[in-house]
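Engineer: model the structure of this input:
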Amino acid sequence: MTQPPQQPDENTPYGQPGQPQPGQQPQWPVAPPPPGQYSPPPGGYTPPPGGGYNPPPGGGYGAPPGGYGAPSPYGQKPSGGSGKVIAIVVGVIVLLVLLVCGGAVGLIIWGANTVDDALDEFDPDRVGGSNNPITVAVGEDFEIDGVEYADGWSVAPPVDEYSGETISGLKGTNDRDDESGESVYLNFTFLDSSDTEVGEVNCTSSGDISYGNTEELSCTNYSKLTGAYDHIEVAASY
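Structural biologist: Numbering: from 1, shown residues only. Below you'll find the predicted structure:
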């Protein structure tokens, strides 16, 4: 015989509203959170647009190039090769400065000596200068400004009525201490016994007589001697 369904008993907790049914665990009421504690926002958690957290490109955070703990290029000391190159460059610059300075000093000294020699050579009061001639006999050797004139030269008579007496066979050898070339301009003055000038002959080289070389000078006179000469004085024309 079929049993009628059992009606809930009002004396038992089962079957009452909010009470567990037979075979279920009783559900106890949950107390609200105390004031000041977190409570979820109304409506519950709403995920951000896009469906939640988006990982960065590449599948997440990657290790830095070279891995964690790899040495950083910043703050590293320059290699030893770079230091050597810098030292070599600095050394070359210093050497060039010293060479330039030393060359300039040497050039200044050389120039000063050359100027002194030139001033001495153009001093009219030097021996053989225009203000200080030397007295020579015909054919006698002599020296002026480092050029040696050998003996054996002579006074030649005029070749025609339009010319005068001249010097013949006068040879000069450059024996200068500075070994520089030298151009020669000489004046031979013919004087009588009272030191009165009776005639003059000019002798020149064809150019610079280089050191150690000998050249015969060219001598000219366009006027005859005005009288008999007693002695001859010779000097550079400058």
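Engineer: now do the strands in this protein.
Structural biologist: Under the criterion DSSP state E, the chain carries strands at the ranges 134-136, 142-144, 147-149, 154-156, 166-168, 171-174, 185-191, 197-204, 214-216, 218-220, 231-236.
Engineer: mind putting these in JSON lines, distance to residue 123 included?
Structural biologist: Every residue, glycine included, has its C-beta placed from N, CA and C. JSON lines is the format used below for the strands of the chain (distance: least, Cβ to Cβ, whole Å):
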{"stretch": "strand 134-136", "distance to residue 123": "15"}
{"stretch": "strand 142-144", "distance to residue 123": "13"}
{"stretch": "strand 147-149", "distance to residue 123": "16"}
{"stretch": "strand 154-156", "distance to residue 123": "29"}
{"stretch": "strand 166-168", "distance to residue 123": "25"}
{"stretch": "strand 171-174", "distance to residue 123": "20"}
{"stretch": "strand 185-191", "distance to residue 123": "15"}
{"stretch": "strand 197-204", "distance to residue 123": "21"}
{"stretch": "strand 214-216", "distance to residue 123": "24"}
{"stretch": "strand 218-220", "distance to residue 123": "25"}
{"stretch": "strand 231-236", "distance to residue 123": "10"}
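Engineer: next, format these as a markdown table and append distance to residue 102 and mean neighbour count.
Structural biologist: Putting the strands of the chain into a markdown table (distance: least, Cβ to Cβ, whole Å; neighbours: other Cβ atoms under 10 Å) gives the following:
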| stretch | distance to residue 102 | mean neighbour count |
| --- | --- | --- |
| strand 134-136 | 42 | 15 |
| strand 142-144 | 37 | 17 |
| strand 147-149 | 34 | 20 |
| strand 154-156 | 53 | 15 |
| strand 166-168 | 49 | 19 |
| strand 171-174 | 31 | 19 |
| strand 185-191 | 38 | 19 |
| strand 197-204 | 41 | 18 |
| strand 214-216 | 38 | 15 |
| strand 218-220 | 45 | 15 |
| strand 231-236 | 37 | 19 |
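Engineer: so for residue 90, which of those sits nearest?
Structural biologist: Between residue 90 and these, the tightest spacing by Cβ to Cβ is seen for strand 171-174, at 48.6 Å.
Engineer: pairing partners for that closest one, with directions?
Structural biologist: Using DSSP bridges, the strands paired with strand 171-174 in its sheet are strand 147-149 (antiparallel), strand 214-216 (antiparallel).
Engineer: could you give me the average pLDDT of that strand?
Structural biologist: Within the predicted structure, the mean pLDDT of strand 171-174 is 98.
Engineer: what residues does that strand touch?
Structural biologist: Counting by Cβ atoms under 8 Å, 6 or more residues apart in numbering, strand 171-174 makes contact with 146-150, 152-153, 181-182, 184, 205, 209-217, all of which sit outside it.
Engineer: point out where the chain drops to low pLDDT.
Structural biologist: Judged by pLDDT under 70, the chain has its weakly predicted residues at 1-84, 103-121.
Engineer: filter the contacts of strand 171-174 down to the buried ones.
Structural biologist: Among the contacts of strand 171-174, those classed as buried by 16 or more other Cβ atoms under 10 Å are 146-147, 149-150, 153, 182, 184, 205, 209, 211, 215, 217.
Engineer: rewinding a little: would a markdown table of the strands paired with strand 171-174 with distance to residue 162 be doable?
Structural biologist: Rendered in a markdown table, the data for the strands paired with strand 171-174 read as follows (distance: least, Cβ to Cβ, whole Å):
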| stretch | distance to residue 162 |
| --- | --- |
| strand 147-149 | 28 |
| strand 214-216 | 23 |
